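A.B. asks: need a structure here:
(2 chains, ligands or ions: 2)
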Amino acid sequence: MKRRSFLGLMGAAGAGLAVPASARAGVKDFRGFLETPGVLFDGTRCIGCRKCELACNQVNNLPEPEVPFDNLEILDSRRRTDASTFTVVNKFETANGPVYRKNQCNHCLEPACASSCFVAAFRKNTDSAVDYDDSVCVGCRYCMIACPFEIPTYEYHKVLTPRVMKCTLCGPQMRAGELRLPGCVEICPVEAMIYGPRNELINLANRRFKQFPGRYVERIYGEHEMGGTSWMYISGTPFRQVGLREDLGTKSAPELTAGALAAVPVVVAVWPVLLGGIYAINKRKEKIAAQEQKQAVAAAVAKTKEEAEEKLATSLSKAEEAANRRVDNEVKKAVKEALAKKEEELKAADASKPDEEEGK
Amino acid sequence: MAYRKLVLGLSGCLFVLVCVLFLQADVMSMISSSGKDSGRADLIMIQAIGKQTTKQASAVQFFHDAHTEALAEQGKDCAACHIKDDRGVISYKYMRLEDPSASQLQDLYHDNCTACHAENAKARMANPGPQIGECRACHSEPRDYTQAWVSGGMDNMLHYIHWDSDLIPKDEGKETNCGQCHHEYDEETEELVYVQFEEEGCRSCHGASPKDPVKSNLAEAFHGQCVTCHLDNKEAEAERNGPLDCASCHGAPQRLEAQVRMAEKLEEMGGVLPRLPRNQPDAVLVAAKLPDLPEDATRPTLMYPVPFNHELHEHATDTCRDCHHETLKQSCTDCHTLKGSEQGGFISLERAMHAPDSKHSCVGCHNEMKQDPSCAGCHAAMPRGTEPPASSCAVCHVNPNILTQSPAERQVSYTDFTEMLIPAQVDGRQPASEPIEIPEDKEGRMALAHELIINLRQEPLLIAEEDIPDIVIIDVLANEYQPAELPHRKIVMSMMEGMQDNSLATAFHATPVTMCQGCHHNSPLSKEPPSCQTCHDERSQEGRLGRPGLLAAYHIQCMSCHAEMGLEEPAATDCYSCHKQIEN
Ligand code: SF4
Ligand code: SF4
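C.D. replies: Ligands and ions are numbered 1, 2, ... in the order given. Below is the predicted model of the structure:
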């Protein structure tokens, strides 16, 4: 479905009713694939080396970043993911020194992004990855508003085929057999991340709590948050202090929105998102959009400026070249004239003293 | 290293202090008596209505230190508000020894407070305090302040400052002054008497509420004793008199400062305090008391006794109370029996000695000491189960028969620790023959314990230096970096140096290769432990969930050790400091 037709439909009738049958799969009640793989991030291990960011960039063929991955000064400012950065590591200062936390899509068991998507562009895959299908996406960006972790981002700079971008859990690459583990997990020099069956990761985390009393906040973030996530965190610092929201509750997005409207099958998860807070959502959407647009504009301006500067530089160098050439020519001409003059003088002299010449 | 625990504790406090100073400077003022913030050590809520049936006015927030200061400016002291009993002990209560009825109490406060304030007004003081009629000035709501005080404990250093002091008179005919504070109740004469070498901590009699014949609760006992003496000293214009305000003992920052001062003093004294003059034993033989058993009963499993170096442990603790929590007159095994008794809170002897997280138990305290940076490099990385490792039993539980063996016979194999435990019972039912004779009398036990202790190893063990591999090349990242050169021998030797004076490490690193286990964990004790690759391979994480792959195993081990030992260089993210860059 293309954006224009979608917007048309929106205006004409209730959007939910217009969603074709095939799209409904996206909003069905996920019960979660509990035995499926997940990733456990151990905040007491991460050393903030940004290798995972590097791996993610390479594995997903993302554009080269402005700040190279071996520059760790960037950790001093708080960053979030964007259309060309699926994961970021942030540094949090604590009384016991800095701690680091990696941020990316948490691959919710029952994803809010999927339940807010009219066209089922998002799908929870059996290998835990929450997949995104750009061929059906209409660009409404409700997923960005719905995600409680502020993960999906939008390619504002692309005019024709903008996509929603987020971490894929390396699902495509792993399904294709190109990767054995998600890129970030594979590269991490201290195994701050472990990939494995979700239930075993939970056991492993609990084992660590028991073996190292006092080291951890003895809770697994993501075990229950928003109905559970495939990507989970354990930490030695309270989760809030490493930028993880603790106000999310344990109900998943579809569960939260099921309620009274469950009788209207198609709109189970859609209506509340639309009706429940259209004002707030729009406000936030506008804010995000404005922010990101601003960034995009800034980037564009910067690009134009850069291009202009480049042009100027080339024309300047060209002008210089021309000027140099002119000077060269002038010099050559002068030399030539001087030589000619000299020659004439010599000739004149020759004519007056022919004997001398012969005498040499 | 005697006093390591105290030093560790104090450095922790120092760290907190530094944090407080640098990060949160306003926390300091929060509790100080003149601060504007909410927590104060000297805030007392005067709540005579607590005894009244109907609410009449809100409780009064009374700032004790503000009054002490103001009185001092007028040349007055505690006596302006507190009276002394017939023994000259100052009362903890305002203007009274005992509590009268609620209405009398109300009058007492109203009459005396306002009288003083009125006098101040007459003397034209700048801030005379609320006058009669200004009810709300005292009975005010809402309250801006909260009570924030820490308990002002008497640790070994503070104790030493007192018993060593010339300002405190000596006991009659003695060289010590302990009797000036410590007393006992003589039931026959119904008097408080001092019995030398039987001194107890205040808490052993004075509890939260007094129980006959004890008259005062703990707070009253402490304040009566300490404040009276400090006040007397002040009146006698002694060179030092001890604090008379609340914050010096009960304010958190003030206590931190005091602890820093004391740590400095201890350092000046060479790090070791003189022993308390109480005739306490140098060595004790700790052995379970066998319950009375019927003739044909199975003897419960027993361990060999523990020769306990009392003197050494005195220096390593903050107060006697750390181990002797209730009283000094009973042995541990009186309350903590094999099965546990009501008196010992049903904590069995085994738990009392081995509970890993208790501050009172041996294992718990030793675990705490492992947080010292020179120990934590290895120990923080070791999983801490609920039980100490079986291999460590024989370190403490010693078969006294070794005294009859020649040193060669006493050689312990690296792997078999069980030989030093009491032999198992023959068929699990019949009592095994008692393998050793433990003396019954105190002196005999002390002598045996002493003999076993002097037999202990004094120097940490290590295999010959040339047997320690010098440089170990790690080249698992050969395609990205040049191989890393691990200065293996240098690391081992510097760690050995770090524990040279540590008797705890000397005792518990029971074999020459125990220390190697810090890195070469989970493998049998050996001079040539298997390589890391044996267990840490490069299979996918799913295949070895929870066990790091080779690359992570190296990195985690090296980096976490450096972090725990407080080595800031090289930074964990500085790859090239360990792995030289490949030259192109
Ligand atoms: S974290 Fe956000 S984007 Fe990722 S699955 Fe959950 S809701 Fe969707
Ligand atoms: S690669 Fe591992 S250690 Fe490095 S920043 Fe990422 S998660 Fe942290």
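
A.B. asks: how far away is B:R489 from B:Q330?
C.D. replies: Using CB to CB, to the nearest Å, B:R489 is found at 50 Å from B:Q330. To be clear about C-beta, it is placed using only N, CA and C from the backbone, and glycine gets the same treatment.

A.B. asks: more crowded one of these two?
C.D. replies: B:R489 (16 against 12; other CB atoms under 10 Å in any protein chain shown).

A.B. asks: next up, the contacts around the more buried one.
C.D. replies: B:465, B:468-471 (CB atoms under 8 Å, 6 or more residues apart in numbering or on different chains).

A.B. asks: over to B:S577: give its phi and psi.
C.D. replies: phi -70, psi -20 (degrees, to the nearest 10).

A.B. asks: skipping its backbone neighbours, what lies nearest it in space?
C.D. replies: Nearest in space to B:S577, with sequence neighbours left out and distances taken as CB to CB, 6 or more residues apart in numbering or on different chains, is B:P570 at 3.5 Å.

A.B. asks: the one you found and B:C578 touch, don't they?
C.D. replies: Yes: B:P570 is within contact range of B:C578, at 6.6 Å (criterion: CB atoms under 8 Å).

A.B. asks: which of those two has more neighbours?
C.D. replies: The residue with more neighbours, out of B:P570 and B:C578, is B:C578; 18 against 14, by other CB under 10 Å.

A.B. asks: who's the nearest residue to that one once chain neighbours are set aside bridged to?
C.D. replies: Among residues not flanking B:C578 along the chain, B:A484 sits closest, at 4.7 Å (CB to CB, 6+ apart). Beta-bridge partners for B:A484, by DSSP bridges, are B:I474.

A.B. asks: for the residue of the stretch 51-200 of chain A found nearest chain B, give me its contacts.
C.D. replies: Per CB to the nearest CB, A:E191 is where the stretch 51-200 of chain A lies closest to chain B, at 3.6 Å. Residues near A:E191 by CB under 8 Å, 6+ apart: A:45, B:541, B:548-549, B:552, B:556.

A.B. asks: helix/strand/coil for it?
C.D. replies: Secondary structure state of A:E191, per DSSP: H, G, I helix; E, B strand; the rest coil, is coil.

A.B. asks: which parts of stretch B:103-113 are buried?
C.D. replies: B:105-106, B:108-109, B:113 (16 or more other CB atoms under 10 Å in any protein chain shown).

A.B. asks: could you do stretch A:162-176 as well?
C.D. replies: A:162-171, A:173-174.

A.B. asks: how about stretch B:328-336?
C.D. replies: Quick answer for stretch B:328-336 (16+ other CB under 10 Å): B:332-333, B:335-336.

A.B. asks: which residues touch it?
C.D. replies: B:198-201, B:204, B:284, B:286-289, B:320, B:323, B:326, B:341, B:343-345, B:347-349, B:351-353.

A.B. asks: strands of the chain, residue ranges please.
C.D. replies: You didn't say which chain, so I picked chain A. A:37-42, A:88-94, A:97-103, A:122-124, A:130-132, A:153-154, A:164-165, A:193-197, A:231-234 (DSSP state E).

A.B. asks: hmm, I had chain B in mind actually
C.D. replies: Counting by DSSP E, the strands of chain B are B:39-40, B:43-46, B:60-63, B:146-147, B:184-186, B:191-193, B:283-286, B:306-309, B:472-474, B:484-486.

A.B. asks: worst mean pLDDT among those?
C.D. replies: Ranked by mean pLDDT, the strands of chain B bottom out at strand B:39-40, with a mean of 82.

A.B. asks: paired strands for that one, with orientation please.
C.D. replies: strand B:146-147 (parallel).

A.B. asks: distance between the partner strand and the chain's centre?
C.D. replies: Centre-to-centre, strand B:146-147 and its host chain are 26 Å apart (CA atoms, centre = their mean, to the nearest Å).

A.B. asks: what residues does it touch?
C.D. replies: Under CB under 8 Å, 6+ apart, the answer for strand B:146-147 is B:38-41, B:43-45.

A.B. asks: list the contacts of the residue of the stretch 101-250 of chain A found nearest ligand 2.
C.D. replies: Proximity of the stretch 101-250 of chain A to ligand 2 (CB to the nearest ligand atom) peaks at A:C188, 3.2 Å away. By CB under 8 Å, 6+ apart, A:C188 lies in contact with A:46, A:51-52, B:552.

A.B. asks: in helices, which of those fall?
C.D. replies: A:51-52, B:552 (DSSP state H).

A.B. asks: who wins for neighbours among the residues you listed?
C.D. replies: Top of those by neighbour count (other CB under 10 Å): A:C52, with 26 neighbours.

A.B. asks: counting neighbours, what do you get for the spatially closest residue to that residue that is not a sequence neighbour?
C.D. replies: Spatial nearest neighbour of A:C52, chain neighbours left out: A:C184 (3.5 Å); criterion: CB to CB, 6+ apart. Neighbourhood size, A:C184 [other CB under 10 Å]: 28.

A.B. asks: against chain A, how distant is the residue of the stretch 201-350 of chain B found nearest ligand 2?
C.D. replies: Nearest residue of the stretch 201-350 of chain B to ligand 2: B:L256, at 35.2 Å (CB to the nearest ligand atom). Distance, B:L256 to chain A, using CB to the nearest CB, to the nearest Å: 15 Å.

A.B. asks: phi and psi next, for the residue of chain B found nearest ligand 2.
C.D. replies: The minimum distance from chain B to ligand 2, using CB to the nearest ligand atom, falls at B:T573 (7.9 Å). Main-chain dihedrals, B:T573, degrees, to the nearest 10: phi -100, psi 10.

A.B. asks: wait, it touches A:G48, no?
C.D. replies: Yes: contact criterion CB under 8 Å: B:T573 and A:G48 qualify, at 6.5 Å.
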